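>>> Next one to model:
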Amino acid sequence: MSWIRVWVHIVFTTKNTQKLLANDTRQTIFDHIKENAGRKDIKLINIGGYLEHIHCLVLLNKDQSISQLVRLIKGESSHWINKNKLVKGKFNWQDDYWAVSVSESHVSALNKYINQQEEHHRNKSFVEELDEFMKKYGWQYVKE
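Numbering: from 1, shown residues only. Got it, this is the predicted structure:
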């Protein structure tokens, strides 16, 4: 019997980081993504975000890859958002995403961070924070 416990923090943005995820719309989208993830055997532990981005905390199972999960979450949700006309015009997620493994000891702090996105980004924009992370950790954009 396999035992897998791999926590992954995934972040993705709206196309061109457009601020399309208004308060009422954002929660509706989060709820739908959670429900859809459950139907696809994706262990989405937490979801949160702000006007132009979403954070997901996922627990991988033995048959899943990060790229597969992101494709399933983003593809279905953008289709659903457009079908239900939740934003003006055509909605798309940015092609890129950010993903990093998370130590078991950091899961609680990450959950708190995800849950406080709205408050957190009142003081610092998503783009400012992303630039900070890129510099602090030496991250680079990866083109697939």
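>>> Show me where the protein has its helices.
23-39, 66-83, 107-115, 117-120, 126-137 (DSSP state H).
>>> among those, which is nearest Ile4?
Set against Ile4 and scored by CB to CB, these come closest in helix 66-83, at 13.2 Å. C-beta here means a position set from N, CA and C on the backbone, and glycine is covered the same way.
>>> what helices or strands is that closest one leaning on?
Judged by 3 or more CB pairs under 8 Å, 6 or more residues apart in numbering; DSSP states H and E, helix 66-83 is in contact with strand 6-13, helix 23-39, strand 53-60.
>>> so can I have CSV of the ones you listed showing distance to Phe126, mean pLDDT and mean neighbour count?
Shown next, in CSV, are the helices and strands packed on helix 66-83 (distance: least, CB to CB, whole Å; pLDDT from 0 to 100; neighbours: other CB atoms under 10 Å):
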stretch, distance to Phe126, mean pLDDT, mean neighbour count
strand 6-13, 7, 95, 19
helix 23-39, 13, 94, 15
strand 53-60, 5, 96, 22
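>>> quick one on the thing from earlier: now for the helices of the chain, which one comes closest to Leu57?
Of all the helices of the chain, it is helix 107-115 that lies closest to Leu57, at 6.0 Å by CB to CB.
>>> Average pLDDT for the closest one, rounded please.
Averaged over helix 107-115, pLDDT sits at 95.
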